[in-house]
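Student: Quick one, what's the 3D model for this:
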Amino acid sequence: MANWLAVGFAVAAIAAGVPAFAQKIPVSAQARQGAEVLREIDDPANGGRWLLERDEEHPGGPGLLVLVEQGGPTRTAIRRKAAEAVPVIRAGDRVLVEAHTAVMDAELEGVATMPAAVGSEFAVRLKMGGRVLHALAVGPGRARWLESGAVE
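Tutor: Now for the predicted structure:
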C-alpha cells in the first residue's frame, strides 16, 4: 500500500509540472533564453553535455534535452585508456599462456619476466623446459602466445 501511495504522490507532482527531483541548478553553460534548467547531464557515451529544461508548452510532459556542448573523448574512454596503461602482470607473476594454432590448443604455465599492461607484448619463461616466449597480455595472469616465435 505504501508503494502505491508513493507512486500516487509522484504522479500528482509530475502532473502538476513539479517533478519531485527538480532543483534549480546553477548552469555554467548557455541555456535557451528564459528556459528553466532542471539538470545538467554529462553523456558518457559520446562525451556531450546536455541540459534538461522544463518544456513550457507541455508542463506535464517530459522536459526538453538540449545539446549544449559536443563531446570530445568520453570519460569512459579516458578511464579505459588509463586502465590499459596500468600493468596487470608484474615481473615474477605466474601466467597462463594460451596457445591456439592449427596444430594445437594448449595452456602453458610460465612466469612473467617483465611487467605488462593489457594488450602489450612481454616475455614469459615457461615452467616446462624454461623456454622464453613472446606473449600478449590479455588480463591479470592470462596471456596469448604470439606465433612470432621464441626469444631464446
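Student: Show me where this protein has its helices.
Tutor: Here the chain has its helices, by DSSP state H, at 2-15, 75-85.
Student: Going by mean pLDDT, which of these comes out lowest?
Tutor: Ranked on mean pLDDT, the bottom entry among the helices of the chain is helix 2-15, at a mean of 48.
Student: Show me this protein divided up by domain.
Tutor: Residue ranges for the domains of the chain, per automatic domain parsing: 2-77, 86-150.
Student: ranges for the strands of this protein?
Tutor: Ranges of strands within the chain are 37-42, 49-53, 64-69, 87-89, 94-100, 105-112, 116-117, 121-126, 132-139, 142-150, based on DSSP state E.
Student: what about the ones you listed, which gets the closest to Lys81?
Tutor: Nearest to Lys81, of all these, is strand 116-117, at 10.5 Å by Cβ to Cβ. Yep, even glycine has a C-beta here, placed from its N, CA and C like the rest.
Student: average model confidence for that closest one?
Tutor: Rounded mean pLDDT across strand 116-117 is 90.
Student: And the contacts of that strand?
Tutor: Glu84, Ala85, Val86, Pro87, Val88, Ile89, Phe122, Ala137, Ala143 (Cβ atoms under 8 Å, 6 or more residues apart in numbering).
Student: and the nearest residue to the last one once chain neighbours are set aside, bridged to which residues?
Tutor: Okay, so that is Ala143. Spatial nearest neighbour of Ala143, excluding adjacent residues (Cβ to Cβ, 6 or more residues apart in numbering): Ala135 at 3.8 Å. Beta-bridge pairing for Ala135 (DSSP bridges): Phe122, Trp145.
Student: rewinding a little: so can I have a markdown table of the contacts of strand 116-117 showing neighbour count and distance to Leu108?
Tutor: A markdown table is the format used below for the contacts of strand 116-117 (neighbours: other Cβ atoms under 10 Å; distance: Cβ to Cβ, whole Å):
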| residue | neighbour count | distance to Leu108 |
| --- | --- | --- |
| Glu84 | 13 | 24 |
| Ala85 | 10 | 27 |
| Val86 | 9 | 25 |
| Pro87 | 17 | 21 |
| Val88 | 19 | 18 |
| Ile89 | 25 | 15 |
| Phe122 | 21 | 14 |
| Ala137 | 24 | 15 |
| Ala143 | 25 | 9 |
